[in-house]
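S.K.: What follows is a predicted structure for the sequence shown.
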Amino acid sequence: MARSFVSVLIDTYNHERFIEQAIVSVAGAGFPAADREIIVVDDGSTDRTPEIVKKFEPRVRLLRKENGGQASAFNAGIPECKGEIIAFLDGDDWWAPEKLQRVANVLAPNSRSAS
């Protein structure tokens, strides 16, 4: 089965204590970097969140915007996503190791038939 390209969209606001774990849980999930992108939308953080995210560049793309809430962060990030599948993660959360692969396996056949 061909693999779909997946965009992982992480929203964050003042999550300096958690954002690194969120990014690492996606980047280290065993899903090939060539088959995914990670975009972090910083919703106007006033702490060290942007500095921490920048440590992961260029593997992670950081978008910054004025604070407007979680929905506005996702709305700013969605048009930037290149994936056939967009997976959402909050900046104060993390994923189990096989989550992205399982989601892609379930959605890949459906995304192709909808085209």
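M.R.: Looks like it came in fine.

S.K.: can you give me the strands in the chain?
M.R.: 6-12, 36-43, 60-65, 85-90 (DSSP state E).

S.K.: Point out where the protein drops to low pLDDT.
M.R.: 1-3, 109-115 (pLDDT under 70).

S.K.: Helices of that one, residue ranges please.
M.R.: Using DSSP state H, the helices of the chain run over 19-27, 49-54, 70-77, 99-113.

S.K.: in the shortest one, what counts as buried?
M.R.: Residues of helix 49-54 classed as buried: 49, 50, 52, 53 (neighbour count, 16 or more other C-beta atoms under 10 Å). For the C-beta atoms, the positions are set from N, CA and C on the backbone; glycine is no exception.

S.K.: so what secondary structure elements neighbour it?
M.R.: helix 19-27, strand 36-43, strand 60-65 (3 or more C-beta pairs under 8 Å, 6 or more residues apart in numbering; DSSP states H and E).

S.K.: Run the chain-centre distance for it.
M.R.: 14 Å (C-alpha atoms, centre = their mean, to the nearest Å).

S.K.: Residue 84 and residue 52: what is the separation?
M.R.: Computed as C-beta to C-beta, to the nearest Å, the residue 84 to residue 52 distance reads 29 Å.

S.K.: quick one: contacts for residue 47?
M.R.: Residues near residue 47 by C-beta atoms under 8 Å, 6 or more residues apart in numbering: 14, 15, 16.

S.K.: Need the buried ones from these selected in ChimeraX.
M.R.: The ChimeraX command for the buried members of those (criterion: 16+ other C-beta under 10 Å) is given here:
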select :14,15,16
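
S.K.: Let me have the contacts of residue 47 in a markdown table, extended by distance to residue 4.
M.R.: Shown next, in a markdown table, are the contacts of residue 47 (distance: C-beta to C-beta, whole Å):
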| residue | distance to residue 4 |
| --- | --- |
| 14 | 32 |
| 15 | 28 |
| 16 | 32 |
